[in-house]
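Peer 1: here is the input, now give the coordinates:
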Amino acid sequence: MLAAAKRSSADVRLMVRVAQLYYRVHLSQQEIGDRIGLSRFQVGRLLDRAVEESIVRIEVVHPDARLVELEDALVTRFRLDAAVVADVPAATPGNAADDVAREAVAEVAVDLLAQRAPTGAIGVSWGRTMLAVARRLPMGWTSAEEIVQLNGATSRSAQPTRATEIVERFAATTGASFRTLVAPAIVGTAELREALDGDPAVQEALDAARAAQTAVFGLGIPAPDSPHLGSGFVTPDEQARLRERGAVGDVIGRFLDANGEIAWRKLDRRSIGLSLDDLRTKALRIGVAAGTGRGPIALAAVRAGVVNVLACDDETASWMLAHG
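Peer 2: Predicted coordinates for the structure are as follows:
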């Protein structure tokens, strides 16, 4: 028993010595083997055992390590193709927290777009987060044939939607032509929506949106100052009805409940733009979520199957992992 204990102690000391020579003195495995009379394979096995037995603890201490962990967890938990998470700095005087989050998420979303470099036709939505993304796009981040608007945006109030600016910026930075959808996001009746869908200009834009294999869109929440509500598309009474029906936010103007189902089908039948069924057919579906309270709509969009690549802030990512 004593001899076994001594052998065990010697074995541990050998592992510690090998680990120190490798991690602190920075000798190669071959150099260590030559020094202490072991093969390179034996040195490698000792290093592996040192990690397995917690003699050596490897830590990644850079601040971005937490974000990478969040990204990997999102991909694994929700079976996404990819995820990027922004570390949102604290808001400063004169900068609202949501504005800071939008800029941080826009930065990582633009990096993601440049890495993916989608070509052909690209469909885009509108909103404040999408505007932040569009304004950060560098020239030549990819080449594309056409940029097309995914859902209606003609404002019914004095508040502009800036949809045209977004489409034009995507086009200008990729060398593509562009096509807008000249219609409101939501109209007064389903019959009016059907009539507008039959208009040649609207029909051509919708056909182009369906043909695009890439879609980039914001994930909004039903707050009174949100673009869809602030632009007059949804009345105060309708906003209350949406809340009663459990709406947590919208994807290209389609309001979802927490399970990823259409929250109010009567309102949805008045919406002009790509359907969620059409959105699901696209190879690359990039959802962008930034700001307080976006966790529920980001999770709903994933559950609905309309997002396979997610760009979001760290608060949103943490909420999704805690509740999904």
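Peer 1: low pLDDT regions in this structure?
Peer 2: Applying pLDDT under 70 to the chain picks out residues 1-8, 60-64, 91-95, 155-159, 228-231.
Peer 1: in the strand or helix carrying residue 319, which residues are buried?
Peer 2: Using DSSP states H and E, residue 319 sits within helix 314-323. Judged by neighbour count using 16 or more other C-beta atoms under 10 Å, the buried positions of helix 314-323 are 314, 315, 316, 317, 318, 319, 320, 321. Quick note: C-beta positions are derived from backbone N, CA and C, even for glycine.
Peer 1: OK, contacts around the fifth one?
Peer 2: The neighbourhood of residue 318, defined by C-beta atoms under 8 Å, 6 or more residues apart in numbering, consists of 70, 295.
Peer 1: ok, now the fourth one?
Peer 2: If you count contacts by C-beta under 8 Å, 6+ apart, residue 317 has them with 70, 71, 73, 74, 83, 85.
Peer 1: which of those sit farthest apart?
Peer 2: Using C-beta to C-beta, the pair of the contacts of residue 317 lying farthest apart is 73 and 85, separated by 9.5 Å.
Peer 1: who has more neighbours, these two?
Peer 2: Between residue 73 and residue 85, counting by other C-beta atoms under 10 Å, residue 85 is the more crowded of the two (27 against 17).
Peer 1: and the contacts of residue 317, which of them are in helices?
Peer 2: Counting by DSSP state H, the contacts of residue 317 place 70, 71, 73, 74 in helices.
Peer 1: from what I can see the second one touches residue 85, true?
Peer 2: Yes: counting by C-beta atoms under 8 Å, a contact exists between residue 71 and residue 85, whose distance comes to 5.2 Å.
Peer 1: any idea which of the buried residues of helix 314-323 is the one closest to residue 206?
Peer 2: Lowest distance from residue 206 to those (C-beta to C-beta) belongs to residue 316, with 29.9 Å.
Peer 1: how about the contacts made by that closest one?
Peer 2: 289, 290, 294, 295, 298.
Peer 1: distance check, it against residue 249.
Peer 2: Distance of residue 316 to residue 249, given as C-beta to C-beta, to the nearest Å: 11 Å.
Peer 1: shared neighbours of those two, anything?
Peer 2: Common contact partners of residue 316 and residue 249 (C-beta under 8 Å, 6+ apart): residue 294.
Peer 1: which ones are touching the residue nearest to residue 290 when sequence neighbours are not counted?
Peer 2: For residue 290, ignoring the flanking residues on the chain, the nearest one in space by C-beta to C-beta, 6 or more residues apart in numbering is residue 105 at 3.7 Å. For residue 105, the contacting residues are 86, 88, 129, 132, 288, 289, 290, 311, 312, 313, by C-beta under 8 Å, 6+ apart.
Peer 1: so the residue lying closest to the first one once chain neighbours are set aside is in which element?
Peer 2: Closest residue in space to residue 86, ignoring its immediate chain neighbours: residue 104 at 4.0 Å, by C-beta to C-beta, 6+ apart. In this structure, residue 104 is located in helix 97-116 according to DSSP H and E.
Peer 1: off-centre distance for the helix or strand just after that helix?
Peer 2: Next along the chain after helix 97-116, taking DSSP H and E as the criterion, comes strand 121-124. Computed by C-alpha atoms, centre = their mean, to the nearest Å, the chain-centroid distance of strand 121-124 equals 16 Å.
Peer 1: perfect, I'm done here.
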